[in-house]
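Engineer: dropping a prediction and its sequence here:
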Number of protein chains: 2
Amino acid sequence: ELVEDPEVIERLHEIFGSRGRNMPMNNLRQAQVPQGASRIAQMPGTAPGLMCPIGDKVIFAVPGVPYEMKEMIEGTVIPELRRRAGDTGVIRSRTIRTWGHSESGIAEMLADRLDELDRTGTATIAFLASGIEGLKVRVTAKADTAELADAVVAAEVDEVAKILADYVFTTEDQTMEEVVLNLLRERGLTLGLAESLTGGLIASRLVSIPGASDVLQGSVVSYASSVKFDVLGVPVGPVVSDDAVRAMSEGACRVLNADVGIAVTGVAGPDEQEGIPVGTVFMATTLDGVTETSMAKFPFNREQSRQFTVITVLDHLRRRLLAR
Amino acid sequence: ELVEDPEVIERLHEIFGSRGRNMPMNNLRQAQVPQGASRIAQMPGTAPGLMCPIGDKVIFAVPGVPYEMKEMIEGTVIPELRRRAGDTGVIRSRTIRTWGHSESGIAEMLADRLDELDRTGTATIAFLASGIEGLKVRVTAKADTAELADAVVAAEVDEVAKILADYVFTTEDQTMEEVVLNLLRERGLTLGLAESLTGGLIASRLVSIPGASDVLQGSVVSYASSVKFDVLGVPVGPVVSDDAVRAMSEGACRVLNADVGIAVTGVAGPDEQEGIPVGTVFMATTLDGVTETSMAKFPFNREQSRQFTVITVLDHLRRRLLAR
């Protein structure tokens, strides 16, 4: 038998009201809950999740929208299943993120350490190439208590981070954007961007981080050449070049009134541009009045080239800030 | 027994060479292929996939990097398994994308049609709320031949699109960005953006589409208030307001030398700003010298608010271009 859950109705009115939309009568059916069932605490959308005990078994019902489902699975379903299973062993992981070396290269650096762990079985290490998130190295251990598992993982993270040295940009699972924003904030520096190839991707990644406004002044997304010339003051000439990216980075500092500049220009494809092949990228960083540039060629598709460009140019700035 | 695949070695040298990195010796092991196995045609990264026939069975081995795995599964594994299973029935789908109405609201509009399909069994309809991609309505049919299945799907797509009218922005599975870029290109109009809340997300979504450079001049990501005042010419005053977003949109047209403007400002959180609550968004579009504005409040997290803002403001421009 179905009963109406007044909390769900309240939440529905709240969601539709705040979006200025009328609630279709259809949605009221979402508030009908089987008798004896309880609502899963998480409810990020309009659909509630349900936990229905049947004897010593339990049926979970979660909505199909992926992010709603995931929040409920992680917040309620898995902890509840572990509790019911009487699972006492605790598995803990931490992720180190690296940039500047291939997955095989990182594995080669860690070869002795991996052999050692195979022998002792204290922890396991897994690699995952994650595009703009970097190349991840995950350390996992299982123990009787969370404290014990955490201690094993922490010791192993230290060991691995020492071996990988400055390829490591975080042992706290931060993104490259967070790491660079924190370094800039600690030094009281503001950041301005000039983005052609990446078309706003660097800025939009940075603003995803709460508190970005302390550091980020803004970005001039200069997709058309005329915007590079007129707004950023790039000298009229080839726009996919070392000279252009240098002028863009210095222009970003000037126009956006920022201490530090980052600029990117390149050929996204599908066609070559000014005789320069698809995948060619010029990057620049301006710090303390000095602009450094570099060039790369990424053999990936349009979207992957952009992602690699974002993390690569941010990593340049990170290394400069640390070496300052 | 393992044999060396010279094509894989060639590909590895190509990938490392073009990125200016040295290839670790470790990578050469990726070229070792079991005798009798063949390489899966797709190879987006450095790791090959394998197809190993054992009697009338087959073992597939694919790499763990998600996008590499997916390309091989879709390009080779599934077609090969279907061929081996002698599967002759053909399933085809097409997706209609909508914006401006909730999932339940769309379902209510289609209630009669859904009843009809339940009775006849000719096709099925599924809904998927997909954030920045819109609310998707997928029509699926199975038939003996691809031509037959395509015809059933096409007829049903027409039927559904007629019912949903101007909530539909594509029946060809295009993104809102593609639809708006195409409308602008057909009319010979260029576009300039001024983004505060979205921080470059609108621009970076637009440049993901090949050929965006015909239309998009650029974006002024004016995250700091000073950039709104100094670069875009917004009058000094509250920056999350109808007046500010209007000045931003007109400023984008002027500074970026564009025919059409889009602007967005709002409060991303975590804290309220100028007394305005988190989730409040002001949007503007400038077309033929006329600027229209609107306000919304999204009860979502930071990232979802941004996504809803992007598709909502692009939809405003779409409707204005169609009504022009």
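Structural biologist: Nice, I can see it.
Engineer: the bottom helix or strand of chain A by mean pLDDT?
Structural biologist: helix A:6-18 (a mean of 78; mean pLDDT, DSSP states H and E).
Engineer: beyond it, next helix or strand please.
Structural biologist: Next along the chain after helix A:6-18, taking DSSP states H and E as the criterion, comes strand A:32-34.
Engineer: and that next one, what does it pack against?
Structural biologist: Applying 3 or more C-beta pairs under 8 Å, 6 or more residues apart in numbering or on different chains; DSSP states H and E, we find strand A:32-34 packed against strand A:2-4, strand A:50-54. Quick note: C-beta positions are derived from backbone N, CA and C, even for glycine.
Engineer: buried sites along the helix or strand where residue A:147 lies?
Structural biologist: Assigned by DSSP H and E, residue A:147 belongs to helix A:146-164. Applying a neighbour-count criterion of 16 or more other C-beta atoms under 10 Å in any protein chain shown, one finds A:149, A:152-153, A:156-157, A:159-161, A:164 buried in helix A:146-164.
Engineer: any part of it near chain B?
Structural biologist: No - shown here: helix A:146-164 not in contact with chain B (C-beta under 8 Å from any C-beta of the partner chain), separated by at least 13.7 Å.
Engineer: who does that helix touch, helix- and strand-wise?
Structural biologist: Using 3+ C-beta pairs under 8 Å, 6+ apart: helix A:146-164 touches strand A:90-98, helix A:103-109, helix A:111-120, strand A:135-143.
Engineer: now do the shortest one: everything it contacts.
Structural biologist: Just to be clear, that refers to helix A:103-109. A:98, A:101, A:114, A:127, A:129, A:135, A:137, A:163-164, A:167, B:21, B:23-27, B:30, B:46 (C-beta atoms under 8 Å, 6 or more residues apart in numbering or on different chains).
Engineer: what about that helix, distance to the chain center?
Structural biologist: Relative to its chain's centre, helix A:103-109 lies at 22 Å (C-alpha atoms, centre = their mean, to the nearest Å).
Engineer: surely residue A:257 meets residue B:230?
Structural biologist: Yes - the pair residue A:257 and residue B:230 passes the contact test of C-beta atoms under 8 Å, sitting 7.1 Å apart.
Engineer: what's around residue A:73, how many residues?
Structural biologist: 17 (other C-beta atoms under 10 Å in any protein chain shown).
Engineer: for it, which non-adjacent residue is spatially closest?
Structural biologist: Distance criterion C-beta to C-beta, 6 or more residues apart in numbering or on different chains; nearest residue to residue A:73, sequence neighbours excluded, is residue A:62 at 6.6 Å.
Engineer: the one you found contacts residue A:72, doesn't it?
Structural biologist: Yes - taking C-beta under 8 Å as the definition, residue A:62 is a contact partner of residue A:72 at 4.7 Å.
Engineer: which neighbours do those two share?
Structural biologist: A:40, A:49.
Engineer: quick one: low-confidence parts of chain A?
Structural biologist: Where chain A drops to pLDDT under 70, the residues are A:18-21.
Engineer: ok, and does the longest helix seen in it reach over to chain B?
Structural biologist: Determined from DSSP state H, the single longest helix within chain A is helix A:302-323. Yes - residues of helix A:302-323 contacting chain B under C-beta under 8 Å from any C-beta: A:302-304, A:306.
Engineer: what's the closest of those residues to residue A:263?
Structural biologist: residue A:306 (14.4 Å; C-beta to C-beta).
Engineer: so the closest one makes contact with residue A:201?
Structural biologist: Yes - the pair residue A:306 and residue A:201 qualifies as a contact (C-beta under 8 Å) at a distance of 5.5 Å.
Engineer: one step back: buried subset of the contacts of helix A:103-109, written for ChimeraX?
Structural biologist: To isolate the buried ones among the contacts of helix A:103-109 in ChimeraX, judged by 16+ other C-beta under 10 Å, type:
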select /A:98,101,127,129,135,137,164,167 /B:23,24,26,27,30,46
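Engineer: got the helices and strands packed on strand A:32-34 as TSV, with distance to residue A:37 and mean neighbour count columns?
Structural biologist: Compiled in TSV, the helices and strands packed on strand A:32-34 are given as follows (distance: least, C-beta to C-beta, whole Å; neighbours: other C-beta atoms under 10 Å in any protein chain shown):
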stretch	distance to residue A:37	mean neighbour count
strand A:2-4	9	11
strand A:50-54	4	14
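Engineer: please name whichever of those strands is nearest to chain B.
Structural biologist: Evaluated over these, closeness to chain B peaks at strand A:2-4, with 16.6 Å, by C-beta to the nearest C-beta.
Engineer: coming back round to it: buried ones in the least confident helix or strand of chain A?
Structural biologist: A:8, A:11-12, A:15-16.
Engineer: which residues touch it?
Structural biologist: With C-beta under 8 Å, 6+ apart, helix A:6-18 has contacts from A:22-23, A:27-28, A:30-31, A:33, A:39, A:43, A:45-46, A:48, B:102, B:279, B:297-299.
Engineer: try it again at 6 Å.
Structural biologist: A:23, A:27, A:31, A:46, A:48, B:297, B:299 (C-beta atoms under 6 Å, 6 or more residues apart in numbering or on different chains).
Engineer: ok, stretch A:304-322 next?
Structural biologist: By C-beta under 6 Å, 6+ apart, stretch A:304-322 touches A:99, A:131-132, A:176, A:180, A:183, A:198, A:201-202, A:262, A:264, A:279, A:281, A:283, A:285, A:287, A:298.
Engineer: again, but for stretch A:151-160
Structural biologist: A:92, A:94, A:96, A:122-123, A:139, A:141, A:171.
Engineer: any chance of the residues you listed in a markdown table, with neighbour count and distance to chain B too?
Structural biologist: Shown next, in a markdown table, are the contacts of stretch A:151-160 (neighbours: other C-beta atoms under 10 Å in any protein chain shown; distance: C-beta to the nearest C-beta, whole Å):
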| residue | neighbour count | distance to chain B |
| --- | --- | --- |
| A:92 | 19 | 22 |
| A:94 | 18 | 20 |
| A:96 | 25 | 18 |
| A:122 | 14 | 23 |
| A:123 | 22 | 19 |
| A:139 | 25 | 17 |
| A:141 | 23 | 21 |
| A:171 | 18 | 22 |
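Engineer: residue A:139: what's it in contact with?
Structural biologist: A:94, A:123, A:125, A:153, A:156-157 are the contacts of residue A:139 under C-beta under 6 Å, 6+ apart.
Engineer: let's see it at 10 Å
Structural biologist: A:92-96, A:117, A:123-126, A:152-161, A:171 (C-beta atoms under 10 Å, 6 or more residues apart in numbering or on different chains).
Engineer: and residue A:115, by the same measure?
Structural biologist: Applying C-beta under 10 Å, 6+ apart, no residues qualify as near residue A:115.
Engineer: right, I'll leave it there.
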